[in-house]
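Q: fold the stuff below for me.
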Amino acid sequence: MLALAASLTLHLALLAGGARWLQKTPKTPNTPNVLQARLAEPAPQPQLTLPPKPLRTSRPKPPPDAPAASPVSPAATLTASAHQQLSRLDFYPLEAIQNGWQGEAWVQIFLDEEGNVIAARLEASSGYPLLDAAAVNAARSLKRLSRSGLDSAILPVRFRLE
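A: All right, here's what the predicted structure looks like:
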């Protein structure tokens, strides 16, 4: 009982004296200035601008003395090159496999001079947003495609469970 009384007395003394400790003291001239920070507006990020939706694939005209073009179209060559790379990627989402989701998304890709994909956008949905996002992400990862003078192309990305 004596210990309880001593404990209560000690706690009351701390609480009564603690009120003085919690009071803010005014700054004295000898106190160094406190560093103040403030948030600044973030620097604007450049936006990638894509051509308007109805884009036609284009290729430069060959010079008049150039040999005749091969029977395989440049778009077919580019699509074959893209599908070859896509076949090596594991981009089918696990959730879609578990749910049995299948479909085909059409993705428009935009190429730089070396044939690397610099941008991609969804042109036609597979019916599943998860598959659409996976198709666009897979298309963005393509490198060194046989572009044959094309600036862009539309690729079908198929999701099939076998």
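Q: least trustworthy helix or strand in the chain by mean pLDDT?
A: Every helix and strand of the chain was ranked by mean pLDDT, DSSP states H and E. The lowest is helix 2-22, at a mean of 70.
Q: what's next to the helix or strand just after that one, contact-wise?
A: Sequence order places helix 74-88 as the next helix or strand after helix 2-22, per DSSP states H and E. Applying Cβ atoms under 8 Å, 6 or more residues apart in numbering, the contact partners of helix 74-88 are 57, 59, 109, 115, 138-139, 142-143, 145-150, 153, 155-157. To be clear about C-beta, it is placed using only N, CA and C from the backbone, and glycine gets the same treatment.
Q: so which of these are in helices?
A: Ala138, Ala139 (DSSP state H).
Q: buried ones among the contacts of helix 74-88?
A: Buried by 16 or more other Cβ atoms under 10 Å: Ile109, Gly115, Ala138, Ala139, Leu142, Leu145, Arg147, Ser148, Leu150, Ala153, Leu155, Val157, out of the contacts of helix 74-88.
Q: for the last one, what are its contacts?
A: In this case it means Val157. Taking Cβ under 8 Å, 6+ apart as the test, what Val157 contacts is Leu86, Glu104, Ala105, Trp106, Val107, Ser126, Ala135, Ala138, Ala139.
Q: repeat the analysis, applying 6 Å as the threshold.
A: Each residue near Val157 by Cβ atoms under 6 Å, 6 or more residues apart in numbering is listed here: Ala105, Val107, Ala135.
Q: list the ones among the residues you listed that fall in strands.
A: Among the contacts of Val157, DSSP state E puts Ala105, Val107 in strands.
Q: make CSV from the contacts of Val157 and add pLDDT and distance to Ala76 to it.
A: Output for the contacts of Val157, formatted as CSV (pLDDT from 0 to 100; distance: Cβ to Cβ, whole Å):
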residue, pLDDT, distance to Ala76
Ala105, 93, 19
Val107, 93, 17
Ala135, 93, 20
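Q: can you pick the most crowded of the contacts of Val157?
A: Highest neighbour count within these, by other Cβ atoms under 10 Å: Ala135, with 28 neighbours.
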